[in-house]
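>>> Dropping a prediction and its sequence here:
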Amino acid sequence: MEPKDKINYYVEPVEVEIYLKKAGIVRTIIKDMFIDLIDVEPANDYSREIFNYFIEKGEPIDLVEIMNAFPQYMRVIFESYYHRMPLYEKVSMQYKEAIAGSTDSLRLSIYFTELLIKYEPTIASANYIGDFQTHNLNYLIRKLNILNQKFLLEDSTVKYLIIRRNKAFVDKPRDREFDKLVELWEYNVKKGKTI
């Protein structure tokens, strides 16, 4: 079932094979799997301060800008991220372009985020910043949704979003349609049949 407000979901197309009994044939259709975006809660007072700073500005959490706005964290950030700092500088430039209205930069930002999230957590994110990469992933998906842009994420990122959604919904009634789509999606990934 399609939600009314699609902004707060990542939409993953899933191939579904249907057997048409009367015709005796199998048809493949595409169904949209709507994965709820689960917001990140800052882990402590340090991360709450950083998150609030960027949320109030309506911007993604930019590692380069954290060092400018919160110089007290510069050393721990540099020690945690110096190997990948050129990538963070590139994504910082993409964020600025995206905020200025570039849809291409918004897309590039989400793909950079997919790459960089794989190297988390670090000492800086675990103790000070918080899970800023997941926050940024959700932020960028929502921005692309608002602009009605089509995009696809890596299978590992989709799996990550499903896990986060399922943890958040553990005490809620099961959504059998969602569970079935996840099962079909996982099957398709194993068989190399993702879209």
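Yep, it's here. Numbers count the residues shown, from 1 in each chain.

>>> So what pairs up with Leu20 in the strands?
Taking DSSP bridges as the rule, Leu20 bridges to Ile25.

>>> Surely it is in contact with Arg27?
Yes - the pair Leu20 / Arg27 is scored as a contact, 6.0 Å apart, by CB atoms under 8 Å. From N, CA and C alone the C-beta is placed, and that goes for glycine too.

>>> What is the helix or strand where Val91 lies packed up against?
Applying DSSP states H and E as the criterion places Val91 in helix 85-99. When contacts are defined as 3 or more CB pairs under 8 Å, 6 or more residues apart in numbering; DSSP states H and E, helix 85-99 sits against helix 63-69, helix 103-116.

>>> Would you mind writing the CA trace of the helix or strand following the shortest one as CSV?
Think helix 63-69. Next helix or strand after helix 63-69 toward the C-terminus (DSSP H and E): helix 74-81. Provided in CSV are the C-alpha atoms of helix 74-81 (Å, rounded to 0.1, in the frame of the first residue of the first chain):
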residue,chain,number,x,y,z
MET,A,74,38.9,19.8,15.2
ARG,A,75,41.7,17.6,16.6
VAL,A,76,39.5,14.5,17.2
ILE,A,77,37.8,14.9,13.8
PHE,A,78,41.1,15.2,12.0
GLU,A,79,42.5,12.2,13.8
SER,A,80,39.4,10.1,12.9
TYR,A,81,39.0,11.3,9.3
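
>>> Helix 74-81 vs helix 85-99, what angle?
Here the directions of helix 74-81 and helix 85-99 differ by 110 degrees (axes from the mean of the first three to the mean of the last three CA atoms, to 10 degrees).

>>> Now do the helix holding Val91 and helix 103-116, the angle between them.
Using the same axes, to 10 degrees: helix 85-99 against helix 103-116 is 150 degrees.

>>> which stretches of the chain have low pLDDT?
Along the chain, the parts satisfying pLDDT under 70 run over 1, 193-195.
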